[in-house]
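> no FASTA, just this:
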């Protein structure tokens with residue numbers, strides 16, 4: 001029976017490497033906030049105000065599927081890069097980019113609202129990312145492991161080995177990640193707006 005995730009013991013080096021890439025992205029994204037001009041910071045402040053004011057307005061089913069598709073698209077791209085073999089280094093670029101996005105978002109909130117920004121981030125960003133980020137990193141490790149397996153056993157070794165079992169494991173991991181991301185999309189769609197409304201009224205303007 002195929003494993004639901006790449007073996008941590010067998011691929012520990014990949015988990016560590018991917019995590020370092022992601023964390024580096026987070027740090028870079030947080031530092032990037034300091035490079036913004038005053039006009040850009042003011043524009044971000046207006047956008048944040050609009051986001052908190054409009055939280056909870058778009059709660060249609062279409063909005064849920066849009067949020068879910070954003071997650072699924074990320075997994076799909078990672079999976080395609082893993083299968084393409086030559087594109088697997090771009091998986092690391094995507095992990096770094098995801099880290100930059102998270103770091104920039106948190107850094108912006110802290111920069112705008114000081115210590116309150118930490119509370120805002122914990123309430124509005126952390127819940128879905130506690131599910132999404134581990135799943136995205138697991139999908140990334142699975143893609144890297146599959147690419148490296150193909151390179152080792154199909155390109156570097158004359159005697160070709162069957163890819164049926166590795167590919168089945170690979171597909172199960174990616175599909176499982178997509179299923180798990182349904183919960184993250186549900187939080188984004190139904191839970192986060194409630195938190196954002198509460199945060200906007202009690203913490204930021206309270």
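In hand now; what should we look at? The structure displayed is predicted, hence computed values, not measured ones.
> what sits against residue 140?
Counting by Cβ atoms under 8 Å, 6 or more residues apart in numbering, residue 140 makes contact with 18, 78, 91, 92, 94, 95. To be clear about C-beta, it is placed using only N, CA and C from the backbone, and glycine gets the same treatment.
> go again using 6 Å as the cut-off
Counting by Cβ atoms under 6 Å, 6 or more residues apart in numbering, residue 140 makes contact with 18, 78, 91, 95.
> Show me which parts of the helix or strand hosting it are buried, residue by residue.
Residue 140 is part of helix 126-150, with elements assigned from DSSP states H and E. Buried residues in helix 126-150, counted by 16 or more other Cβ atoms under 10 Å: 127-129, 131-133, 135-147, 149-150.
> Once you drop chain neighbours, what's closest to residue 125?
Among residues not flanking residue 125 along the chain, residue 105 sits closest, at 6.1 Å (Cβ to Cβ, 6 or more residues apart in numbering).
> Just say helix, strand or coil for residue 10.
coil (DSSP: H, G, I helix; E, B strand; the rest coil).
> all helices in the protein, in order from the N-terminus.
12-32, 38-54, 61-84, 89-113, 115-124, 126-150, 164-186, 192-198 (DSSP state H).
> Would you point out which residue is most central in the protein?
residue 133 (4.4 Å; Cα atoms, centre = their mean).
> Spell out which residues sit in contact with that one, please.
Per Cβ under 6 Å, 6+ apart, neighbours of residue 133: none.
> Look up how far residue 80 lies from it.
20 Å (Cβ to Cβ, to the nearest Å).
> same thing with residue 189?
Distance from residue 189 to residue 80, by Cβ to Cβ: 26 Å.
> who's more crowded, the two?
residue 189 (20 against 13; other Cβ atoms under 10 Å).
> what's the pLDDT at the closest residue in space to residue 198 that isn't next to it in sequence?
Distance criterion Cβ to Cβ, 6+ apart; nearest residue to residue 198, sequence neighbours excluded, is residue 123 at 7.4 Å. Here the pLDDT value assigned to residue 123 is 84.
> What does residue 87 show for phi and psi?
Main-chain torsions, residue 87, degrees, to the nearest 10: phi -90, psi 0.
> what about it, how many neighbours?
Neighbours of residue 87 (other Cβ under 10 Å): 16.
> correct me, but it touches residue 81?
Yes. Residue 87 is within contact range of residue 81, at 4.0 Å (criterion: Cβ atoms under 6 Å).
> can you give me how far stretch 23-38 is from the chain middle?
The chain centre lies 17 Å from the centre of stretch 23-38; the measure is Cα atoms, centre = their mean, to the nearest Å.
> Pull out the buried positions in stretch 94-108.
94-100, 102-108.
> picking up where we left off before, any idea how far the helix holding residue 140 is from the chain center?
9 Å.
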